[in-house]
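Q: Structure for this input, please:
(one chain, ligands or ions: 2)
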Amino acid sequence: MTAKIGELRDPIQKMQPEEQFSCGVVLVAAGRGERAGQSAEGPKQYRRIGNRPVIAHTLDVFATWPGTGPVVVVMHPDDEALLAAALERMGDSLAVSVVHGGATRQLSVLAGLEALARTGVKHAMIQDAVRPFIDHALLDRCRAALDGGAEAVLPAIAVADTLKRATDGRIVEETVPRGGLYAAQTPQCFRLEAILAAHRAASASGRSDFTDDASIAEWAGIPVVLVEGSSDNIKLTLQRDISMADERLTRHALPDVRTGNGYDVHQLVEGDGVTLCGVFIPHNRKLSGHSDADVALHALTDALLATCGAGDIGDHFPPSDPQWKGAASRIFLEHAARIVRERGGVITNADVSLIAEAPKVGPHRQQMRENLAAMLGIALDRCSVKATTNEKLGFVGRREGIAAIATATVVYVAGSKA
Ligand SMILES: Nc1ccn([C@@H]2O[C@H](COP(=O)(O)OP(=O)(O)OP(=O)(O)O)[C@@H](O)[C@H]2O)c(=O)n1
Ligand SMILES: C[C@](O)(CO)[C@H](O)COP(=O)(O)O
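A: Ligands and ions are numbered 1, 2, ... in the order given. As a prediction, this is how the structure comes out:
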């Protein structure tokens, strides 16, 4: 993703034609994170949790949510390099622009809203960069309230602790009844025109100390509707919040191991040999197909694509396309491996079973495994080729065709785009 200060791409380009919802995001990230303390990685929004900057996790949630329109990131002028590095792996799924923030959160939000207003979107979600644990269900609840006509939507959770008021933080004065009290979260969502007018008015009247945007709406007389927040949606405020977030994403995260399977069959016709796992084996038949009909590589290509929901071989290489006539099937497998890697996948195993009465696979097995290892760029002991006859049963038994079954195992790294 490349974004320059002030640059903003057309927000509508991301929208489906039939989609009425047009909502941009203001992501405030211009704070100094003083309560969290100093760090070599920069202010808290750039600290690494789960091996990625906090802000990248937050942006990821919007990048994968279908309602997201243009995003304005509000940054501190000193953080240009930190932000550029954080955005580096985001890909092109978001239309991001960047503006400079102000001395308080309120002023930063105003700068973001002014930029977002230039895109023409109807709604704005205002989000703290330091709340990386928002989720799609929460965004859906906010969207439903906006779709229902709300001018201002506040995700919040009912206060669960008993509340005390104390004079100097040491001597309790009273217990505050907690009924009807809620802890405010972000994203706080608004009809853009309404919240921008409220923010401008607040600023013009000399106020710059509102700690959230719902309170500016309240101040301006805009009714604020509550939706259920999420107890996971904490704001990373102190060092211990950052440590806990890192622990949650790194140490306790299950490895994202995925398997995909693939199956393919090609007919045997008169010919002089078959190609299996890239090895040509002389034979009195050949496999018929649009490409070189390497049934093993086709099954493995499908298995790899299945680990990241990337469709099947026919989606990428339509049999109707003349350029694939007679093509070497390694092109298909290498393409699938590239897609997996681009999405953060590490291929850890490739297993192919061939089902054929003839020719004999055994003498070629080692070469086939070496071919797979080279095509996938992985170690030989992660590649397996097996063969069996079909005990003379069915179409394989009648030597009318050869079938292949493949299983791919891929580990996707935390924060990958798969
Ligand atoms: N002048 C400011 C202050 C805050 N924020 C942003 O508002 C969000 C919530 O603010 P907070 O947690 O208070 O962050 P900081 O102001 O950075 O923290 P601190 O008060 O500890 O310095 C953060 O994403 C922060 O980057 C901002 O964009 N501009
Ligand atoms: C906007 C906010 O995250 C809602 O809870 C919060 O008000 C930010 O507060 P801070 O004073 O900037 O930490």
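
Q: Regarding the residue of the chain found nearest ligand 1, what is its secondary structure?
A: Here the residue of the chain nearest ligand 1 is residue 31; by CB to the nearest ligand atom that distance is 2.0 Å. C-beta here means a position set from N, CA and C on the backbone, and glycine is covered the same way. Following DSSP: H, G, I helix; E, B strand; the rest coil, residue 31 is assigned to coil.

Q: Around ligand 2, pick out the residues from this structure.
A: 105, 128, 184, 185, 186, 211, 212, 235 (CB under 6 Å from any ligand atom).

Q: about what we covered before: for the residue of the chain closest to ligand 1, grab the count of nearby residues.
A: Residues near residue 31, counting by other CB atoms under 10 Å, number 20.

Q: Over to residue 105?
A: As a measure of burial, residue 105 has 21 neighbours, counting by other CB under 10 Å.

Q: In contact with the residue of the chain closest to ligand 1, which residues?
A: 43, 44, 45, 76, 101, 105, 108, 130 (CB atoms under 8 Å, 6 or more residues apart in numbering).

Q: mind putting these in TSV, pLDDT, distance to residue 358 and secondary structure included?
A: TSV is the format used below for these (pLDDT from 0 to 100; distance: CB to CB, whole Å; DSSP: H, G, I helix; E, B strand; the rest coil):
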residue	pLDDT	distance to residue 358	secondary structure
43	97	67	coil
44	97	65	helix
45	98	63	helix
76	98	70	coil
101	98	71	coil
105	97	73	helix
108	97	72	helix
130	98	64	coil
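
Q: quick one: which of these is nearest residue 91?
A: For the contacts of residue 31, the residue nearest residue 91 by CB to CB is residue 45; the value is 19.6 Å.

Q: could you pull out the strands for the stretch 51-200 of the chain?
A: Secondary structure of the stretch 51-200 of the chain, counting by DSSP state E, counting those that start in this stretch: strands at 52-53, 68-75, 96-100, 123-128, 152-158, 163-166, 172-176, 182-184, 188-191.

Q: Distance to ligand 1 and mean neighbour count added to those strands, as a markdown table?
A: Compiled in a markdown table, those are given as follows (distance: least, CB to the nearest ligand atom, whole Å; neighbours: other CB atoms under 10 Å):
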| stretch | distance to ligand 1 | mean neighbour count |
| --- | --- | --- |
| strand 52-53 | 12 | 23 |
| strand 68-75 | 5 | 26 |
| strand 96-100 | 10 | 22 |
| strand 123-128 | 4 | 27 |
| strand 152-158 | 15 | 21 |
| strand 163-166 | 21 | 10 |
| strand 172-176 | 23 | 10 |
| strand 182-184 | 12 | 16 |
| strand 188-191 | 12 | 26 |
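
Q: Show me which strand runs longest in this protein.
A: strand 256-270 (DSSP state E).

Q: Now for residue 192, how many residues are close by?
A: For residue 192, using other CB under 10 Å, the count is 22.

Q: how about the strands of the stretch 251-400 of the chain, start to end?
A: 256-270, 273-276, 279-282, 285-287, 345-355, 383-388.

Q: low-confidence ranges in this structure?
A: By pLDDT under 70, the low-scoring segments of the chain are 1-19, 251-253, 414-418.

Q: Contact residues of it facing ligand 1?
A: Proximity of the chain to ligand 1, by CB under 6 Å from any ligand atom, involves residues 28-36, 43, 45, 74, 101-105, 108, 128-130, 235, 237.

Q: try 5 Å
A: 28-35, 101, 104-105, 108, 128-130 (CB under 5 Å from any ligand atom).

Q: quick one: which of those residues is nearest to residue 374?
A: Distances from residue 374 to those, taken by CB to CB, are shortest for residue 129, at 43.4 Å.

Q: Looking at the contacts of residue 31, state which has the most neighbours.
A: Highest count within those by other CB under 10 Å belongs to residue 45, 31 neighbours.

Q: Which one of the strands of the stretch 51-200 of the chain lies nearest to residue 261?
A: Of all the strands of the stretch 51-200 of the chain, strand 52-53 comes closest under CB to CB, at 30.3 Å.

Q: show me where the stretch 251-400 of the chain has helices.
A: Applying DSSP state H, counting those that start in this stretch to the stretch 251-400 of the chain gives helices spanning 295-306, 313-316, 330-342, 365-376, 394-397.

Q: Show me what counts as buried in the last one.
A: Residues residue 396 are the ones in helix 394-397 that count as buried (16 or more other CB atoms under 10 Å).

Q: CA atoms only: put the following helix or strand past it into CSV for me.
A: Downstream of helix 394-397, the first helix or strand assigned by DSSP states H and E is strand 401-412. Output of strand 401-412 as CSV, limited to C-alpha atoms (Å, rounded to 0.1, in the frame of the first residue of the first chain):
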residue,chain,number,x,y,z
GLY,A,401,-7.3,-43.7,-16.9
ILE,A,402,-5.0,-42.7,-14.1
ALA,A,403,-6.1,-40.9,-10.9
ALA,A,404,-4.2,-38.9,-8.4
ILE,A,405,-5.0,-37.7,-4.8
ALA,A,406,-2.9,-35.0,-3.2
THR,A,407,-2.7,-33.4,0.2
ALA,A,408,-0.8,-30.2,0.9
THR,A,409,0.1,-28.9,4.4
VAL,A,410,0.8,-25.2,4.8
VAL,A,411,1.5,-23.1,7.9
TYR,A,412,0.3,-19.5,7.6
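
Q: Now do strand 401-412 against strand 383-388, angle only.
A: Strand 401-412 and strand 383-388 are oriented at 150 degrees to each other (axes from the mean of the first three to the mean of the last three CA atoms, to 10 degrees).

Q: Next, work out how far apart residue 324 and residue 99 are.
A: The gap separating residue 324 from residue 99 is 47 Å, by CB to CB, to the nearest Å.

Q: and if you look at residue 156?
A: In terms of CB to CB, residue 156 sits 27 Å off from residue 99.

Q: what's the answer for residue 79, then?
A: Distance from residue 79 to residue 99, by CB to CB: 12 Å.

Q: same question, residue 185
A: From residue 185 to residue 99 the distance is 23 Å (CB to CB).

Q: got it, and residue 162?
A: Relative to residue 99, and taking CB to CB, residue 162 is found at 42 Å.

Q: just to revisit the earlier point, next, give me the two most distant ones among the residues of the chain next to ligand 2.
A: 105 and 185 (14.1 Å).

Q: What about residue 348, how many residues nearby?
A: Neighbour tally, residue 348, other CB under 10 Å: 14.

Q: How about it, nearest residue that isn't a chain neighbour?
A: residue 409 (4.9 Å; CB to CB, 6 or more residues apart in numbering).

Q: Isn't the one you found up against residue 257?
A: Yes. Counting by CB atoms under 8 Å, residue 257 is a contact partner of residue 409 at 6.7 Å.
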